[in-house]
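> Build me a model from this:
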Amino acid sequence: MPQQAWSDKRERQYEHVKESAKKRGTGEDRAEEIAARTVNKNRAQQGESTEASRTSTEDVSPQHRGGKRSHSGSGGRTKEQLYEDAKRQGVKGRSTMSKAQLEKAVS
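Residues are numbered from 1 along each chain as shown. As a prediction, the model looks like this:
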């Protein structure tokens with residue numbers, strides 16, 4: 001469902017992403033969620049939103065990523081994301097760990 005803060009461009013983007021997800025066989029509710037998340041992340045990266053998470057602004061855009069990390073669980077996160085999780089969990093020696101070691105330590 002398009003939001004009031006969205007521009008006409010973002011509403012068109014929402015509808016396009018939603019229809020694309022539905023064509024791939026995604027249910028209506030999930031397609032709406034995917035579309036809204038995509039639009040909101042793009043708004044955050046372009047500075048159009050009042051609040052934005054660090055992940056939204058520093059991560060790759062949804063269009064460029066193209067599902068590279070979709071459905072891959074903890075193996076799909078970047079090393080930087082794993083490092084931040086390890087930092088939050090207080091994992092010792094995280095700065096010298098490889099991505100595989102970080103995955104193991106965080107899970």
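> Could you give the average pLDDT over the longest helix that the chain contains?
Assignment by DSSP state H gives helix 28-45 as the longest helix of the chain. For helix 28-45, mean pLDDT is 86.
> Measure how far that helix is from the centre of its chain, please.
Relative to its parent chain, helix 28-45 has a centroid offset of 9 Å by C-alpha atoms, centre = their mean, to the nearest Å.
> now stretch 18-36
15 Å.
> and stretch 97-107, average pLDDT?
Stretch 97-107 comes out at a mean pLDDT of 89.
> quick revisit: so which elements touch the longest helix of the chain?
Judged by 3 or more C-beta pairs under 8 Å, 6 or more residues apart in numbering; DSSP states H and E, helix 28-45 is in contact with helix 8-23, helix 54-58, helix 62-65. Any C-beta I mention is one placed from the backbone N, CA and C, and that applies to glycine too.
> May I see the buried residues of stretch 94-107?
Within stretch 94-107, the residues that qualify as buried are 94, 97, 102-103, 105-106, counting by 16 or more other C-beta atoms under 10 Å.
> If anything else comes up later, I'll come back, but that's it for now.
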